[in-house]
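Asker: Take this sequence and fold it.
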Amino acid sequence: MIAIQTGNAPSEAPKRTLAWELLAWAQRFIVQPDGERAGHPWKFTPEQIRFLAHWFAVDDRGKWVYSTGSLRRSKGWGKSPVLAALCIIEFIGPCRFSHWARQGERCYSCEVEGRGPHHVGNELHPIGKRVPLPLVNLAATSIDQTKNVYDAIRGMLAESPAEREFDLDIGKTLVQFKSGRPGKIEPVTASSRGLEGARQTFVCLDESHHLVPNNQGVYVYEVLDRNVRKTAGAGSRLLESTNAFSPNEASVAQGTFDAFEAGTPGLLYDCVEASNPEIDLKDTEAVREAVIEAYADSYWVDVDSIIQAIQDPRTPKNVAHRFYLNQIAESADTWMPKDEWDLVLSGEDPIKPGDQIAIGFDGSIRGDATGLVGCRLSDGKLFVIDVWERPKDAKDDWEVDTLAVEAAVYKAFKEYQVEWFYGDPPYFQEALGRWAIQFATRDTEYVFEFWTNKPTRMVQATERFRSAVMTKEICHDGDERLTRHVLNAVTREVTVGGEVGILIQKDSPRSKRKIDLAVCAILALEARADAIADGRMKRRRSRVVGF
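Answerer: Residues are numbered from 1 along each chain as shown. Sure, this is the predicted structure:
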């Protein structure tokens, strides 16, 4: 399968490139880190070779044709191993222009491929040399996010010819020379000491779609970009890899794409994506064709498994488009499609006083809404208890009426049998603590904190809510306010434990399209699940709560 570029990588190979020498060098010194060929000489695929040929292209002065680059591909295409090999090449390989080949001179590719020496004539063949003091950084917002590339680096070097030839110390946190010679491969984050002002010779940004303003990812990029540009004359460069980005997050990947579209000189934007942006994800044959297009010659990819993942009802459309088909689709970032939400609308068996319920609470003071959403234990029916949103004609000093919130909470405990209450603590932590004491009985607690800013727990809760809608395990009463907040929500990807997870957010930080009741609904469903697991559906209680 020939990959069709939607970036700016030329279709023809460059006339002058260090890639051929470096490909031979990599095959000689580094090994396949895993799989059936683990321990065998490392080999790039033809599509990866095309990228490397352009990335290491030089002009007739021996200067890089491209000073920065982005490799945008689908999840599982092989971006991390490519970056790992490049980090090793930049650390100990002949990756800088030295001179044009002299008559009779041989390079690594000549030796490995058994060719004769170069003949100068009218041909300019570049010869490479090693970086004198190599400082290679893997950059991300957290060390966990660098593990995919760094683990591949360790696997490629462990018990390899490179480890023996260059006397390497392959540690858990950095690769360096045992002799104490300056130079290293090291992961860095926003909290790394000495990030500002370092003189990196190569910077690798893996998954730059996760580098966004609210996790300091853009700051990491800007600092490292400045550092690299200071030594660009010596050949220092920055390369990022990414999946298709979310247009709602202002990520580093989006900034690079914008630069590519603006025709920024010196930027290599290498991208292959499924060609049909309007693909019907339920059409298996169309999806198969799209997957084959996106993954091209990545022979290790199980196409049938990718198709199953795309068509799994639990896979949001934006994930299918972005991570598997490498497509940027703004409309695909909606968290909950309206037709799916409408399918779980139920006007039957309305919520009644005395019903056993769980409650989700998300509070704010000024900007966002504050809400209480209930979820009936018996059937998972969601309903709005109350919500406080900023009126359109409100003055600048408008605030949520906290006394009204207090009254609504007490009324809910009086009117229903509240078995579990989850509240997000910011702005209302003191109140949550007080409610926990006031509503507790001698042997049972009912009010608990649920920090929505803890990604691991919130990703799991968000996924369970989405799955419950898809499988129709829950329903709602059609309240316009809840529906509006749920449909306003868009998705945001985060990395948790090395895996990609989904959270919800507003379509922009200053957006007036609120989503707080959607958050409340997620917490209410979690509260219902924990109440049932605790056996609270089996016991009935009679409690009157006073003010």
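Asker: Leaving out chain neighbours, which residue sits closest to residue 295?
Answerer: Setting aside the residues directly before and after it, residue 295 is nearest to residue 301 in space (C-beta to C-beta, 6 or more residues apart in numbering), at 4.8 Å. C-betas here are computed from N, CA, C, even on glycine.
Asker: Using the three-state scheme, assign the one you found.
Answerer: Three-state call for residue 301 (DSSP: H, G, I helix; E, B strand; the rest coil): coil.
Asker: List the contacts of it.
Answerer: Neighbouring residues of residue 301 by C-beta atoms under 8 Å, 6 or more residues apart in numbering: 76-77, 291, 295.
Asker: same check, this time on residue 74
Answerer: Listed by C-beta under 8 Å, 6+ apart, the contact partners of residue 74 are 243, 273, 294-295, 323-326.
Asker: rerun that using 7 Å as the cut-off
Answerer: By C-beta atoms under 7 Å, 6 or more residues apart in numbering, the residues touching residue 74 are 243, 294-295, 323-326.
Asker: Same question for residue 203.
Answerer: Going by C-beta under 7 Å, 6+ apart, residue 203 touches 137, 139, 224, 228, 238.
Asker: Tell me which other helices or strands whatever helix or strand residue 484 lives in touches.
Answerer: Under the criterion DSSP states H and E, the helix or strand holding residue 484 is helix 480-488. Other elements packing on helix 480-488 under the criterion 3 or more C-beta pairs under 7 Å, 6 or more residues apart in numbering; DSSP states H and E are helix 338-343, strand 381-388, helix 516-533.
Asker: After the lowest-mean-pLDDT helix or strand in the chain, which helix or strand is next?
Answerer: Counting by mean pLDDT, DSSP states H and E, the weakest-scoring helix or strand in the chain turns out to be helix 108-113, with a mean of 54. Reading on from helix 108-113 to the C-terminus, the next helix or strand found by DSSP H and E is strand 126-129.
Asker: what sits up against whichever helix or strand comes after that following strand?
Answerer: Towards the C-terminus, the helix or strand next in line after strand 126-129, according to DSSP H and E, is strand 135-139. Under the contact criterion C-beta under 7 Å, 6+ apart, strand 135-139 has outside partners 87, 90-91, 146, 149-150, 183-188, 198-206, 220, 224.
Asker: Mind listing the strands strand 135-139 pairs with, and their directions?
Answerer: strand 184-188 (parallel), strand 202-205 (parallel) (DSSP bridges).
Asker: out of these, deepest packed?
Answerer: Compared across the strands paired with strand 135-139, strand 202-205 shows the largest average neighbour count, a mean of 27 (mean count of other C-beta atoms under 10 Å).
Asker: ok, and for the helix or strand following that strand, which residues are buried?
Answerer: Once strand 202-205 ends, the next helix or strand along the chain (criterion: DSSP H and E) is helix 217-230. Of the residues in helix 217-230, those buried under the neighbour-count criterion (16 or more other C-beta atoms under 10 Å) are 217-218, 220-221, 223-225, 227-228.
Asker: still on that earlier bit, can you tell me which of the contacts of residue 203 is closest to residue 61?
Answerer: Out of the contacts of residue 203, the one with the shortest distance to residue 61 is residue 228. That distance is 19.7 Å, counting by C-beta to C-beta.
Asker: Buried by neighbour count, from the contacts of residue 301: which ones?
Answerer: Of the members of these, the ones counted as buried by neighbours, 16+ other C-beta under 10 Å, are 76-77, 291, 295.
Asker: residues in contact with the spatially closest residue to residue 464 that is not a sequence neighbour?
Answerer: Of all residues beyond its chain neighbours, the one nearest residue 464 is residue 525 (6.8 Å), with distances taken as C-beta to C-beta, 6+ apart. Taking C-beta under 7 Å, 6+ apart as the definition of contact, the neighbours of residue 525 are 375, 380, 464-465, 468, 474.
Asker: Quick check: the farthest pair among the residues you listed?
Answerer: Between any two of the contacts of residue 525 (C-beta to C-beta), the greatest distance is 12.3 Å, for 375 and 464.
Asker: Neighbour count: the two, which is higher?
Answerer: Comparing residue 375 with residue 464 by other C-beta atoms under 10 Å, the one with more neighbours is residue 375, at 29 against 15.
Asker: Kindly report the domain assignment for the chain.
Answerer: Domain ranges of the chain: 19-271, 284-333, 339-538, per automatic domain parsing.
Asker: Which of the ones you listed sits closest to residue 7?
Answerer: Nearest to residue 7 among the domains of the chain is domain 19-271; the distance by C-beta to C-beta comes to 3.6 Å.
Asker: Let's see the distance spanning that closest one from one end to the other.
Answerer: Criterion C-alpha to C-alpha, to the nearest Å; first-to-last residue distance in domain 19-271 is 19 Å.
Asker: Same question for stretch 342-362.
Answerer: When the termini of stretch 342-362 are compared using C-alpha to C-alpha, they are 24 Å apart.
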